[in-house]
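>>> Take this sequence and fold it.
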Amino acid sequence: MGARKRVAWLGGSALIASPALADWPPYIGGGYVYSQVWGDAPTSGHGLELTYGQSDPFGGLAAVLQHDWYLDDSTRLALGGQVNGPGIGLELAWSRRDDDRGTTHGIQVAPFATLMGTVYVSGRFVFAVGDGPHGDERGFAIGLKFPYLLGDLNVGFGHGRPLRGPGGRPIGVRGVCLPAPVRVALDAPTRQALGAAWLEDARMEHASVATFERLAGWLGALGAPEALVREARRAAADERRHAAACFDLAGGYLGRRYWPTPVEAGPTAPPSLAELAVDSLVEGCLGEGAAALEARAAAAAATEEGPRRALAVIAEDEARHAALAAHVVAWAEQRGGDGVRRAVADARRRLRLRGRRDRSAPTPPAGGPTGGWRRLASRPPGPRPAPA
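So this is what the prediction gives:
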């Protein structure tokens, strides 16, 4: 194998592997393209493309497989990778063109642009490697791409009551995502930042549906009053509405439409009464209570009607969920006796110690990961408002 061909194989392999190295949500996409080729063997034709990659709202990496059928009865297969940002990107791939005359291998370089994430325009340049009947190529491609046919909608983990799997690890959200019109008149960086924040909220709310459904099952199995079981199921319905509102707002900023798949909590044995009480204290009283305060403060600061309405509903519901958690703690203490009371008292003591440490720590910069602007859907990152 010649030196140029070895470079092509090594470069293509690195790009194909690159999506797995990026700490971004994965996706699968596809598309149709029409291409025109000039050079030693000019022609035109149609093709299909499949991509697998990882991205956030600002860019990403993807492995690309392309297959073209040309009017001169030749075919082209390309395998490589692409790096992309908002609206633009670059493909680098190994290319193989075949017909009755023989096979030509080459290195394909293709800068491209997309409009609304769907309309695709690309320049294609293929540099032949070794001898082949087709030689170097230059041309263009235009088509339709659907870059998020299937993907992981998990962007991060907010506070509230997340769904946790074995070992306490949060469970992510997957689903289908397709391009849609942008519904907000803001500059692109602000839209992308706010869309990512609302998408994080949507993922958290969607996963919480299964959390409360599982809680209802646990309460029933442990013999809790029917009123607590009903409230847990009502909370699951609340989270389903919250998720729908947050996905809709995120899609308006990002120019996408989301259909998350249901999250299954899986069969798990009910926890002990002490474990249930401590979990309800930490994830429910504290987590849901903090979420209610943050949503209330953000609703008061929001300047757009849609986000303000959604946040007001979320604040009211999350406060009710925190109250449900307090009722669960009280019932578990009454049912479990001194052992449960000691576990809850110990958890409260640890939380107070952690609170004192947090208050003595330096204040993080506004707009940072804990800057609190996550739900301020009508503003760019900025100082967090004081809870009402």
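>>> number of nearby residues for Ala232?
Per other C-beta atoms under 10 Å, the neighbour tally for Ala232 reads 24. Every residue, glycine included, has its C-beta placed from N, CA and C.
>>> How about the one 3 residues further on?
Neighbouring residues of Ala235 were enumerated by other C-beta under 10 Å; the total is 26.
>>> wait, what's in contact with it?
212, 215, 317, 320-321, 324 (C-beta atoms under 8 Å, 6 or more residues apart in numbering).
>>> Okay, buried residues for the helix or strand containing it please.
Using DSSP states H and E, Ala235 sits within helix 226-254. Within helix 226-254, the residues that count as buried by 16 or more other C-beta atoms under 10 Å are 228-229, 231-236, 238-240, 242-254.
>>> CA atoms only: put stretch 225-237 into CSV for me.
Output of stretch 225-237 as CSV, limited to C-alpha atoms (Å, rounded to 0.1, in the frame of the first residue of the first chain):
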residue,chain,number,x,y,z
PRO,A,225,-52.2,5.3,51.8
GLU,A,226,-54.0,5.5,48.4
ALA,A,227,-53.9,9.3,48.5
LEU,A,228,-50.1,9.2,48.3
VAL,A,229,-50.2,6.8,45.4
ARG,A,230,-52.7,9.0,43.6
GLU,A,231,-50.5,12.1,44.1
ALA,A,232,-47.4,10.3,42.8
ARG,A,233,-49.3,9.4,39.6
ARG,A,234,-50.6,12.9,39.3
ALA,A,235,-47.0,14.1,39.6
ALA,A,236,-46.0,11.8,36.7
ALA,A,237,-48.7,13.4,34.6
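>>> Check the offset of it from the chain's centre.
Centre-to-centre, stretch 225-237 and its host chain are 29 Å apart (C-alpha atoms, centre = their mean, to the nearest Å).
>>> One more: stretch 109-116?
Worked out by C-alpha atoms, centre = their mean, stretch 109-116 lies 22 Å from the chain centre.
>>> Mind listing what's buried along it?
109-110, 112, 114.
>>> Which residues does that stretch contact?
82, 87-93, 120-127, 141, 145, 147, 179, 181-182, 255.
>>> elements contacting whatever helix or strand Glu294 lives in?
Using DSSP H and E, Glu294 sits in helix 289-301. Secondary-structure packing of helix 289-301 (3 or more C-beta pairs under 8 Å, 6 or more residues apart in numbering; DSSP states H and E): helix 305-336.
>>> elements contacting the helix it packs on?
Against helix 305-336 (3+ C-beta pairs under 8 Å, 6+ apart) you get helix 188-221, helix 226-254, helix 273-279, helix 289-301, helix 338-360.
>>> Please spell out which residues along that helix are buried.
306-308, 310-312, 314-315, 317-329, 331-333, 336.
>>> now the angle from that helix to helix 226-254?
Per axes from the mean of the first three to the mean of the last three C-alpha atoms, to 10 degrees, the angle that helix 305-336 makes with helix 226-254 is 150 degrees.
>>> Kindly reformat the helices and strands packed on helix 305-336 as TSV containing mean pLDDT.
Output for the helices and strands packed on helix 305-336, formatted as TSV (pLDDT from 0 to 100):
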stretch	mean pLDDT
helix 188-221	89
helix 226-254	93
helix 273-279	95
helix 289-301	91
helix 338-360	83
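>>> Serialize those to TSV and add fields for distance to Leu48.
What follows is those, written out as TSV (distance: least, C-beta to C-beta, whole Å):
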stretch	distance to Leu48
helix 188-221	29
helix 226-254	26
helix 273-279	49
helix 289-301	44
helix 338-360	53
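>>> Relative to Glu318, how far out is Val230?
For residue 230 the amino acid is Arg, not Val. 18 Å (C-beta to C-beta, to the nearest Å).
>>> And Ala188, by the same measure?
Counting by C-beta to C-beta, the gap from Ala188 to Glu318 is 31 Å.
>>> Quick check on the contacts of stretch 109-116: which are buried?
82, 89, 91-93, 120, 122, 124, 126, 141, 145, 147, 179, 182, 255.
>>> pLDDT-wise, what's the bottom of the residues you listed?
The member of the buried ones among the contacts of stretch 109-116 with the lowest pLDDT is Pro147, at 57.
>>> Show me the buried ones among the contacts of stretch 109-116 that map onto strands.
Using DSSP state E, the members of those that fall in strands are 82, 89, 91-93, 120, 122, 124, 126, 141, 145, 147, 179.
>>> Columns distance to Leu50 on top of these, output as CSV?
What follows is these, written out as CSV (distance: C-beta to C-beta, whole Å):
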residue, distance to Leu50
Gln82, 12
Gly89, 16
Glu91, 13
Leu92, 17
Ala93, 13
Tyr120, 14
Ser122, 16
Arg124, 17
Val126, 19
Ala141, 15
Lys145, 11
Pro147, 11
Pro179, 17
